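Colleague: Predicted model, plus sequence, below.
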Amino acid sequence: GQSLEQPSEVTAVEGAIVQINCTYQTSGFYGLSWYQQHDGGAPTFLSYNALDGLEETGRFSSFLSRSDSYGYLLLQELQMKDSASYFCAVRDQTGANNLFFGTGTRLTVIP
Amino acid sequence: DAGVTQSPTHLIKTRGQQVTLRCSPKSGHDTVSWYQQALGQGPQFIFQYYEEEERQRGNFPDRFSGHQFPNYSSELNVNALLLGDSALYLCASSGVAGNEQFFGPGTRLTVL
């Protein structure tokens, strides 16, 4: 089976940098994805890591260490609109592209 | 280009009833996955359809079944509804070898 652990809540100041960690245990591993979900909205894709290292997309970066079964999402220059829930999700080894989600981290950005 | 659409937006049912939820994938996508998201939790994978067949299934009972049509749209059926089935049901579509799943707005199901 799969299990993922993330902090349940994080609070950060507007303009700051925040890192959301994710550790996973899975019988097979194909990649780690990150999704953002605003209250009442649908999850939206942020990033995907299949190999070790850092992927950067604008203000968002994601890191993966396969040997440590660990990843993180880094959000820079925080804006109020970044207040949302952030989920890491494992794509299992079958590559069938279904996702197993963590319980999510609720990020609150304060002025 | 329309994204993933789902219907209905909200639904209220009573225990023991049956429900059908519908999903149209993003244009050009052939794979549809269904997820259940309880309040305060992450989405839980129900099953995935590809080429009109169930390709993979999560840890959900047989009361949950689905279908994919030749135009790639999909239905999720839940029989003998329980109170615990109350949740947001999300449909997501993806293309061949796509790393990104595109989610629809979801159907909020309430079972009384």
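Modeller: Good, I have the coordinates. Fair warning: this is a prediction, and the values are worked out from it, not measured in the lab. Numbering: from 1, shown residues only, chains lettered A, B, ... in the order given.
Colleague: how many neighbours does A:Q76 have?
Modeller: Neighbour count of A:Q76, defined by other CB atoms under 10 Å in any protein chain shown: 15. C-beta coordinates here come from the backbone N, C-alpha and C atoms, glycine included.
Colleague: Surely it touches A:D82?
Modeller: No - with contact defined as CB atoms under 8 Å, A:Q76 does not reach A:D82; the gap is 10.0 Å.
Colleague: roughly how far out does stretch A:100-111 sit from the chain middle?
Modeller: 9 Å (CA atoms, centre = their mean, to the nearest Å).
Colleague: now it: mean pLDDT?
Modeller: For stretch A:100-111, the mean pLDDT works out to 95.
Colleague: Between the two ends of that stretch, how far is it?
Modeller: This stretch, stretch A:100-111, spans 33 Å end to end (CA to CA, to the nearest Å).
Colleague: And for that stretch, what's in contact with it?
Modeller: With contact meaning CB atoms under 8 Å, 6 or more residues apart in numbering or on different chains, stretch A:100-111 is reached by A:2, A:4-14, A:18, A:20, A:22, A:24, A:26, A:35, A:37, A:75, A:78-80, A:82-90, A:92, B:35, B:40-45.
Colleague: 6 Å instead?
Modeller: Identification of contacts with stretch A:100-111 by CB atoms under 6 Å, 6 or more residues apart in numbering or on different chains yields A:2, A:4, A:6-7, A:9-14, A:20, A:78, A:80, A:82-83, A:85-90, B:41-43.
Colleague: Could you list the buried residues of it?
Modeller: A:100-107, A:109 (16 or more other CB atoms under 10 Å in any protein chain shown).
Colleague: Tell me which residues touch B:T14, please.
Modeller: With CB under 6 Å, 6+ apart, B:T14 has these contacts: B:L112.
Colleague: cool, and the one 10 residues further on?
Modeller: Residues in contact with B:S24 (CB under 6 Å, 6+ apart) are B:5, B:73.
Colleague: how much space between the nearest residue to B:R63 once chain neighbours are set aside and chain A?
Modeller: Nearest non-adjacent residue to B:R63, counting by CB to CB, 6 or more residues apart in numbering or on different chains: B:N79, 4.7 Å away. Look at B:N79 and chain A: by CB to the nearest CB, to the nearest Å, they are 22 Å apart.
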